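Q: turn this into a structure:
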Amino acid sequence: MQEYNKYNDTEIIKMLVQSTGKRADKLFDVLYERYSAKLNVYCIFKAQNKQDAEEIFEDTWLKFLSRIRDGKTPNSVLPYLYSIAHNLIIDKYRTENSKKKVIIEYKDFTEFDENNRSWDIENELEQNELIEIVKRVLTTIDEIYSETFLLQWFGGLSQQEIADLLGISISAVKMRSHRAMKEVIKYVKPFYSYS
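A: Okay, here's the model as predicted:
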């Protein structure tokens, strides 16, 4: 897999379309390694439970591969994956009117340093508390704001990519992001002012 890491996404997709067997597996693994963590976080936030999140995550990759094999070449892989996942989630929950619950796991947001040293217990507890606060805030604000926040801050998409993905203007993305961030800050700020 190391030999393919030097290629950009467009080059990898072109090679993937023309490849079979182990070479195709290695090329797919490069894309999977680059984007699976962010896609997983998105699915966990948007799904109603962990099992649905896992199913949507897997279906997204399968649909992505199928579309690539059918000749669809995305301009950017991560927004394309988010778009597929977004549509799968809408399809899955179209008939349900209940508000979505956000389920996140600490391990999905904790990053370890280069030496893989884990955080000490105090930092871990503070991080868990902060994640719970953000999670609660995102479940209480309108979904259009929480989704924009999620795509920008956890998904790593630019405002233009979010606008393209959601079919809205950049100014709408900025407004949604600002409103979501304002709500998150309102609840997170007291957490840090007493530490």
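
Q: for stretch 79-97, give me every contacting residue.
A: By CB atoms under 8 Å, 6 or more residues apart in numbering, the list of residues contacting stretch 79-97 from outside reads 35, 39, 42-43, 46-48, 52, 56-57, 59-61, 63-64, 67, 74, 100, 151, 155, 157, 161, 164-165. (C-beta placed from N, C-alpha, C; glycine too.)

Q: so which helix or strand takes in the residue nearest the centre of the chain?
A: For the chain, the residue lying nearest the average C-alpha position, counting by CA atoms, centre = their mean, turns out to be residue 42 (3.1 Å). Secondary-structure element containing residue 42, defined by DSSP states H and E: helix 21-46.

Q: buried set for that helix?
A: When neighbours are counted by 16 or more other CB atoms under 10 Å, the buried residues of helix 21-46 are found to be 24, 26-28, 30-32, 35, 38-46.

Q: any regions of this protein where pLDDT drops low?
A: Under the criterion of pLDDT under 70, the regions of the chain flagged as low confidence span 1-2, 94-128, 131, 190-195.

Q: give me that answer again for 50
A: By pLDDT under 50, the weakly predicted segments of the chain are 95, 97-121, 194-195.

Q: domain ranges for it?
A: For the chain, the domain assignment from automatic domain parsing gives the residue ranges 1-101, 104-195.

Q: what sits against residue 160?
A: When contacts are counted by CB under 8 Å, 6+ apart, residue 160 is found next to residue 170.

Q: give me the phi and psi for it.
A: Backbone torsions of residue 160, given as degrees, to the nearest 10, read phi -60, psi -40.

Q: if I look at it, how far off is residue 59?
A: With distances taken as CB to CB, to the nearest Å, residue 160 is found 27 Å from residue 59.
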